[in-house]
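>>> My questions are about this predicted structure, shown below with the sequence.
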Amino acid sequence: MAIRGSLKEASLPDVLQLLAMGKKTGCLSVGHRGSFGSIFFDKGKISYASIVNRRDRLGDMLVKNGLITQQQLDAAVDAQIRRRDKKIGEMLVELRALTRDQLQQFLKVQIEEAVYFLFTWSEGTFNFEPDIVPEHQDTVVSISPESLLLEGARRVDEWSLIEKKIPSFDIVFEIDRVQTQANEAHLTREQRIVLRLTDGVRDVHAVIEESGLVEFEAGKALYGLATANCIHRIGMSARLSAAGTAVVDNAATQHLALGAALLKTGMLDDSVREFRRALEMEPDNVLARSCMGEILARKGDWSAAEAELKRATSSVEADYAAWHNLGYVIERQGRLNDAAAAYDEAEHSGSQDSRLEISRAILALRAGDSAGADDRLRRVGESFGESTPPAHWFNYSALAAGVRGDLRRAIALLSEGLTAHPESGVLANNLAAALEQHGDFDDALSAVQHGLQQAPELPQLAKNLGDLHFRAGRFAEALNAFRRAVKLAPMLGPDVYNKLGTLYLRRREQDEAARCWKRALEIAPGNETARRNLESLKTAAK
């Protein structure tokens, strides 16, 4: 159940306490003046937090604290370009520049700092969506919200003082050499760091970014220096001095950032609103068009998605994602050659990552080239090295193996995938189907039951459960499973309605049986099984 409200009516600490007491799992999204933050919960504990347009300074923090070198950070950033599913911390662990314990320690600090910063927002809105997890987050932390409340309250009080001297991060300070020399002996480590970066050119944003300090530490240091007259405000950064279109650009950028954050947390309707506002200001904005196309694709509106993505890709600024998504929506409409051309453009746009290669393999499968798809997917799997491929790689690799008649390899791939991604209901469903085809009915039933625990909303799992019960003669259980399947997906297919009709006929409910077989014919007018069953029912009634 979603929870929404205003921070004026319920403070963020109160909301965190509520979610902790309810042992909730999901994402709490917080919006304030065009900024946007997310706090992820796992059974009432904070597992991750981030803020849009707030640079991820984990790498900088690690360098500043001497745990890694700048060269190691640069190498991780370069590797991350080829492995977009990996966060920078995970890349550093893979490159053995950092241990997992060290990563977890600093990730915990980073998450706590993000939450503390959100505590300073006294206005805005919040929205909690259950069962949403952070993307590509391999390292997990568990922080009790209650443990942050006392420190958060202290920082909120101190931040109100800091804002009196630093009301905006766009302020530029310069050093008063005489006052600084007089206070030299009393300067803290953090004050010395920010002083080295205070040059009359950098604004507070830049000082914080380059210092490697969190906002609170840097703000507190600057406040102390300003109070002691060691630094003086001399103006605002150039970013605020521009007028006219620059203001529009900044507002459009804020809507884009907020829309992207909402899209990431699955709040599609809210993200559409922000992208439309950005397009009102900049009708040819490529990113907004591309994201609108992605949202329409998620909703299954393929033709509208294609129209938006074609507008995005008509610009010379179109990037890899726009072309890749265009290929996907065209493929879903069955135009395989046009999809291949879009994927070629995606590659020309500067990216040939694993996602594109998997998309090409899927295209080959749909075109009937199972051997080519299998070979391409094998190469993609090898490119991951010791890392785990995504769930959809296991699915399509198993499908390619199955189409080539290698059912044992398909089962092995799906089993390995489900072990690596136990939350994937699709993997569980496909494993169950493969095991059933192989004759391993007990194992198939176990796979279906596991899948239903992870994804009870997946209609194919309910249908597979019904098929297994039907085969075993457990007709009451099969009836319940099939009913659930068609409730979740009324157009699931004629097969499920044919079996439902048979089950109703066993219960001597001829009217219900007839209704199901008629439904099967509505979905597939040429279905002979449903037609024969209806004719037999009419004959028996005479």
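Cool, got the structure.

>>> Leu148 sits in which helix or strand?
helix 145-165 (DSSP states H and E).

>>> CA atoms only for that helix, dumped as PDB, please.
Backbone C-alpha positions of helix 145-165 (Å, rounded to 0.1, in the frame of the first residue of the first chain) are rendered in PDB as follows:
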ATOM      1  CA  PRO A 145      16.200   4.500  11.300                       C
ATOM      2  CA  GLU A 146      16.000   5.200  15.100                       C
ATOM      3  CA  SER A 147      19.800   5.300  15.300                       C
ATOM      4  CA  LEU A 148      19.800   8.300  12.900                       C
ATOM      5  CA  LEU A 149      17.100  10.400  14.600                       C
ATOM      6  CA  LEU A 150      19.200  11.900  17.400                       C
ATOM      7  CA  GLU A 151      22.100  12.900  15.200                       C
ATOM      8  CA  GLY A 152      19.700  14.000  12.500                       C
ATOM      9  CA  ALA A 153      17.900  16.300  14.900                       C
ATOM     10  CA  ARG A 154      21.300  17.800  16.100                       C
ATOM     11  CA  ARG A 155      22.300  18.500  12.500                       C
ATOM     12  CA  VAL A 156      19.000  20.100  11.600                       C
ATOM     13  CA  ASP A 157      19.500  22.500  14.500                       C
ATOM     14  CA  GLU A 158      23.100  23.300  13.400                       C
ATOM     15  CA  TRP A 159      22.100  23.600   9.800                       C
ATOM     16  CA  SER A 160      19.600  26.300  10.600                       C
ATOM     17  CA  LEU A 161      22.600  28.300  12.000                       C
ATOM     18  CA  ILE A 162      24.800  27.400   9.000                       C
ATOM     19  CA  GLU A 163      22.200  28.700   6.600                       C
ATOM     20  CA  LYS A 164      22.400  32.200   8.100                       C
ATOM     21  CA  LYS A 165      26.000  32.500   6.800                       C
END
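
>>> Show me what it packs onto, helices and strands only.
Using 3 or more CB pairs under 8 Å, 6 or more residues apart in numbering; DSSP states H and E as the contact criterion, the neighbours of helix 145-165 among helices and strands are helix 12-21, strand 45-51, helix 100-119, helix 215-227. Placement of C-beta: from N, CA and C, glycine included.

>>> C-terminal to the second one, what's the next element?
The reference is to strand 45-51. For strand 45-51, the succeeding helix or strand toward the C-terminus, using DSSP H and E, is helix 58-64.

>>> residues of whichever helix or strand comes after that following helix that come out buried?
Moving toward the C-terminus from helix 58-64, the next helix or strand (DSSP H and E) is helix 70-82. Of all the residues in helix 70-82, those buried under the rule 16 or more other CB atoms under 10 Å are Gln72, Leu73, Ala75, Ala76, Gln80.

>>> helices and strands around helix 70-82, which ones?
Partner elements for helix 70-82 (3+ CB pairs under 8 Å, 6+ apart): helix 58-64, helix 88-94.

>>> Mind putting the ones you listed into CSV with distance to Ser424, mean neighbour count and mean pLDDT?
Listed next are the helices and strands packed on helix 70-82 as CSV, based on distance: least, CB to CB, whole Å; neighbours: other CB atoms under 10 Å; pLDDT from 0 to 100:
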stretch, distance to Ser424, mean neighbour count, mean pLDDT
helix 58-64, 28, 19, 72
helix 88-94, 20, 21, 79
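
>>> So which of those is nearest Ala462?
helix 88-94 (35.5 Å; CB to CB).

>>> centre of the chain versus that closest one, how much separation?
Here the centre of helix 88-94 is set off from its chain's centre by 19 Å, with CA atoms, centre = their mean, to the nearest Å.

>>> Take it, keep the C-alpha atoms, and write them as CSV.
In CSV, the C-alpha atoms belonging to helix 88-94 read as follows (Å, rounded to 0.1, in the frame of the first residue of the first chain):
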residue,chain,number,x,y,z
ILE,A,88,31.6,2.4,-8.6
GLY,A,89,32.1,0.7,-5.2
GLU,A,90,31.5,-2.7,-6.7
MET,A,91,33.9,-2.0,-9.5
LEU,A,92,36.6,-1.1,-6.9
VAL,A,93,36.0,-4.4,-5.1
GLU,A,94,36.2,-6.3,-8.4
